[in-house]
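S.K.: here's a sequence, model it:
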Amino acid sequence: MNDVWVRLYTGWVLGTSGDAMGWAIWQPGYQGHPWPHEELRPGFGYYVCESLEAGGRGIVARATVRNALALTRAESPEDAHRLVADRLFDDEFSIGLDDWLDNPYNKLKADSPWPQKITAWRISTEPVGPHILSGLGQFPRTGWLNTDKIGLEVG
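M.R.: Residues are numbered from 1 along each chain as shown. You can find the predicted model right below:
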């Protein structure tokens, strides 16, 4: 069996050098499933799926995790930014506090009660496709799809 992880991104943050990052903010009792909890560490590879201008969704990049922030308690949206910044930002890639707070996903989460939990990961990306494949139309609530029905060769 060839299990492949695919992450659905809607407005992911892509840096100019091919670096990007993803993150999730959870209420304390939430258990994300499916989610690559054990795998999400440096060296983990997955595919990036996003909505295409022509319609539908497609695989657009191969991502490799460079660094990760394990699921951590954050006291506020500003604290979540600080935790991510301390672990994942550097001179090549960062998101300012105002941009972090203005991110539509973070605005939605800011309205929920705090403290919350945050996990984040920094990735290197290499463009592929886009590959429009069956099975990309519906993702679990977590945004992660684990499947043996998708297999791509990346050269």
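
S.K.: helix, strand or coil for residue 24?
M.R.: Following DSSP: H, G, I helix; E, B strand; the rest coil, we place residue 24 in the strand state.

S.K.: equivalent analysis for the one 5 residues further on, please.
M.R.: Following three-state DSSP, residue 29 is assigned to coil.

S.K.: give me the neighbour count for it.
M.R.: 6 (other CB atoms under 10 Å). For every residue, glycine as well, the C-beta is placed using N, CA and C.

S.K.: any idea how far residue 83 is from it?
M.R.: From residue 29 across to residue 83, the span is 20 Å (CB to CB, to the nearest Å).

S.K.: same thing with residue 59?
M.R.: Relative to residue 83, and taking CB to CB, residue 59 is found at 30 Å.

S.K.: ok, now which ones touch the spatially most central residue of the chain?
M.R.: The centroid of the chain falls nearest to residue 22 when counting by CA atoms, centre = their mean (2.9 Å). Contacts for residue 22 (CB atoms under 8 Å, 6 or more residues apart in numbering) come out as 7, 9, 12, 120-121, 123.

S.K.: any regions of this protein where pLDDT drops low?
M.R.: Applying pLDDT under 70 to the chain picks out residues 1-2, 10-17, 149-155.
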